[in-house]
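> Just need the structure, nothing else, for what follows:
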Amino acid sequence: MDVSRDYTNLILRSFSSTDIGLIAPQLEPIELPLRFSIEVPDTAISHIFFLEDGIASTVGFIKPKREIEVGIIGHEGVTGIPFFLGSDRSPHATFMQVPGHGFRLSAEVLRMIREKSPSLNAVLLRFVQTFMTQVSSTAVANGRTRLEMRLARWLLMVHDRSDGPKLRLTHEFVAVMLGVRRPGVTVAMQILEGNGLVRATRGLVHIVNRPGLIELAGGSYGVPEAEYLRLTGDTLSRRADSRRL
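So this is what the prediction gives:
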């Protein structure tokens with residue numbers, strides 16, 4: 001029996017039976033409420049998190065109280081990118097933007113497991129490459145696309161990591177994640193609504209036309225997603241994964 005198939009997290013599911021046998025006994029189930037802190041800037045990473053549900057944001061700071069999201073991680077990945085690259089900390093913060101649950105594992109324990117298993121380490125490093133591709137694509141989108149295109153891309157990425165088409169998001173929160181003012185998000189959301197792509201109410205965005213969002217994103221969505229498929233052999237979309245089970 002392949003116990004890795006008992007997990008929703010795609011990294012855990014992709015481990016060989018030998019590797020999941022090494023790591024599973026060390027996993028600690030944990031609830032991850034909204035704004036739960038996973039990594040604190042310039043502080044040693046004590047635990048690595050495998051999300052089963054929910055979404056974590058990695059956020060960079062320009063100066064106090066000015067922040068912008070640089071990457072997101074859901075059921076398709078694992079936190080602790082600096083740790084996998086030989087460091088123990090990051091200048092960025094990582095916290096839960098959509099509440100959920102998952103597993104955490106001591107960074108020191110994982111260090112020892114990685115030394116024992118090159119195959120497990122290879123799986124983790126492939127995810128690191130996909131995350132770095134996502135971060136670079138975010139930089140391109142932020143610098144070269146209109147706000148409504150950035151918003152379309154971001155909603156698609158959140159949708160990929162969510163259970164269904166209804167996303168619990170406020171304009172204030174989206175503004176922080178995109179590094180823009182709230183009125184700009186309101187205007188961009190109105191453009192999406194006017195094109196029949198989403199339906200927004202207070203604290204809720206309902207994805208109505210996903211293909212239309214992809215078209216509006218204008219190529220800014222799709223590169224990290226294709227890289228994930230190439231490197232892992234799986235789609236990062238939770239919805240597609242649930243259809244396969």
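> Leaving out chain neighbours, which residue sits closest to the residue most central in space within the chain?
Geometric centre of the chain, nearest residue: residue 73, 1.8 Å, by CA atoms, centre = their mean. In this structure, residue 73 finds its nearest non-sequential neighbour in residue 56, 4.7 Å apart by CB to CB, 6 or more residues apart in numbering. Where C-beta positions appear, they are placed from N, C-alpha and C, glycine not excepted.
> Quick one: residues contacting residue 234.
By CB atoms under 8 Å, 6 or more residues apart in numbering, the contact set of residue 234 is 10, 13, 14, 76, 228, 241.
> dump the residue contacts of the first one.
It refers to residue 10. If you count contacts by CB under 8 Å, 6+ apart, residue 10 has them with 75, 76, 77, 232, 234, 236, 241.
> hang on, isn't the third one packed against residue 12?
No - under the criterion of CB atoms under 8 Å, residue 77 makes no contact with residue 12, lying 10.5 Å away.
> More neighbours: the two, which one.
The neighbour comparison of residue 77 against residue 12 (other CB atoms under 10 Å) goes to residue 77, with 27 against 24.
> before we move on, what SS does the residue nearest to residue 235 when sequence neighbours are not counted have?
Spatially, and ignoring its direct neighbours in sequence, residue 235 is nearest to residue 229 (5.8 Å; CB to CB, 6+ apart). With DSSP: H, G, I helix; E, B strand; the rest coil as the basis, residue 229 sits in helix.
> just checking, what packs against the strand of greatest length in the chain?
For the chain, the strand that runs over the most residues, judged by DSSP state E, is strand 47-63. Contact here means 3 or more CB pairs under 8 Å, 6 or more residues apart in numbering; DSSP states H and E; on that basis strand 47-63 packs against strand 28-32, strand 37-39, strand 66-73, strand 93-106, helix 107-116.
> and residue 45, what helix or strand is that in?
According to DSSP states H and E, residue 45 maps onto no helix or strand at all.
> Now do the same contact list for it.
39, 80, 82, 83, 88, 89, 90, 107 are the contacts of residue 45 under CB under 8 Å, 6+ apart.
> Confirm for me that residue 19 is in contact with residue 117.
Yes - assessed by CB under 8 Å, residue 19 is found in contact with residue 117 at 5.4 Å.
> higher neighbour count, the two?
Comparing residue 19 with residue 117 by other CB under 10 Å, the one with more neighbours is residue 19, at 21 against 18.
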